[in-house]
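# take a look and give me a structure for this.
(chains A, B, C and D)
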2 protein chains.
Amino acid sequence: MRFLRAHAALTRELSSRLEAVHELTLRDFDVLVQLYYAEGRRMRRIDLARSVLLTASGITRLLDGLESSGLVGKERCESDARVTYAVLTKAGVKKIEEARDSHLADIEELFGAQFSPQERDQLAELLGRLPLAHTSEACSG
Amino acid sequence: MRFLRAHAALTRELSSRLEAVHELTLRDFDVLVQLYYAEGRRMRRIDLARSVLLTASGITRLLDGLESSGLVGKERCESDARVTYAVLTKAGVKKIEEARDSHLADIEELFGAQFSPQERDQLAELLGRLPLAHTSEACSG
DNA sequence: CTATATTGATTGCGATCTCAAGTATAGCTC
DNA sequence: GAGCTATACTTGAGATCGCAATCAATATAG
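Predicted structure coming up:
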């Protein structure tokens, strides 16, 4: 129960702040961060989907938005014509570097401030035990 | 990060199991449980909405579904003509008593099994510290 | 080398949920 | 008791997301 409630309240607040200031959804941000820390700032769309726990169709639509905002671009794969890469554009890099600080501050305020450093570690460890279903653990959280 | 991922994976799996066996969403179940433990198995719709962190319109639509399935009924309030109560029907009580065991077993398997009793308490305590925004704490988790 | 299965990606459809607007009732102030 | 504000609820419009179907390209089997 607490888990569900905490998630609902937290994500709603975080997402609405992020949207108000940077016009990004929490998920948009999540996707941009994945790309930001990826090798060459690009990922196969399917891997991106798995790393943020979206379906393939979900990532297509989310990236549609980020592409039309110019934050992400497409790129063909030489060795496998099925795959397309999502690549962070210059504007995308800029965007995330702008948004990062305020978002981290929001997280700190709403989440981190409730816990001591030790408690954070413990919480992270406990949550990390939960099964992430069928997904590859591409998460660099 | 872990919090978001854990939530996404967990709720997806729990909800899909619940739907497969009992034709209930995780949220449906949540609402039914709130009613089940409420005084007279009825609640004002607005209080119900707040207790499960939905908006007023969200609860209207969710209850539409539960009403047409015959699990929940409407009832007028004598003292205030604005309010409507959501009341668990006989079928609703039966439904939740049927679904409860398998759902708790699912939770146990996917969530509880990862933790010792002490760790559960600690996790509950830590999560309980998170601010639930503007909501009244009607949660009897 | 051909048939079949698998994988990456997109699209139509339906479900869920929020926001904004609208209606009706209640309470408060003068 | 007239007017103003707040509350409970509903509805229309729009966003997001999953599922199933589909297509194209690749991998595997015989």
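# please count neighbours and contacts with C-alpha atoms only from this point.
Noted.
# stretch A:80-91 near DNA strand C at all?
Yes. Counting by CA under 7 Å from any atom of the strand, DNA strand C is contacted by stretch A:80-91 at A:82, A:83, A:84, A:85.
# up against DNA strand D, what does chain A have?
A:25, A:27, A:53-59, A:61-62, A:65, A:79-82.
# where's residue A:127 relative to residue B:100, distance?
Between residue A:127 and residue B:100 the distance is 24 Å, computed by CA to CA, to the nearest Å.
# compare these two (neighbour count), which wins?
Legend: neighbour count by other CA atoms under 10 Å in any protein chain shown for residue A:127 and residue B:100, higher for residue A:127 (21 against 16).
# contacts only, for the more buried one.
Shown in contact with residue A:127 (CA atoms under 8 Å, 6 or more residues apart in numbering or on different chains): B:2, B:3, B:6.
# am I right that the last one is in contact with residue A:131?
In this case it means residue B:6. Yes. With contact defined as CA atoms under 8 Å, residue B:6 reaches residue A:131; the gap is 7.3 Å.
# contacts only, for residue A:87.
Contacts of residue A:87 (CA under 8 Å, 6+ apart): A:35, A:41, A:42, A:43, A:72, A:73, A:74, A:75.
# the nearest residue to residue A:88 once chain neighbours are set aside: how many residues sit nearby?
Once flanking residues are discounted, residue A:88 sits nearest to residue A:72: 4.6 Å by CA to CA, 6 or more residues apart in numbering or on different chains. If you count neighbours by other CA under 10 Å, residue A:72 ends up with 24.
# which pLDDT value belongs to residue A:72?
pLDDT, residue A:72: 97.
# list phi and psi for it.
For residue A:72, the backbone dihedrals (degrees, to the nearest 10) come out as phi -140, psi 140.
# for chain A, what lies in contact range of DNA strand C?
A:44-47, A:56-61, A:82-85.
# can you redo those residues as CSV with neighbour count, secondary structure and distance to residue B:21?
Formatted as CSV, the residues of chain A next to DNA strand C follow (neighbours: other CA atoms under 10 Å in any protein chain shown; DSSP: H, G, I helix; E, B strand; the rest coil; distance: CA to CA, whole Å):
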residue, neighbour count, secondary structure, distance to residue B:21
A:44, 17, strand, 35
A:45, 19, helix, 33
A:46, 18, helix, 30
A:47, 18, helix, 31
A:56, 14, helix, 26
A:57, 11, helix, 26
A:58, 12, helix, 26
A:59, 20, helix, 29
A:60, 14, helix, 31
A:61, 11, helix, 30
A:82, 8, coil, 37
A:83, 15, coil, 37
A:84, 18, strand, 38
A:85, 19, strand, 39
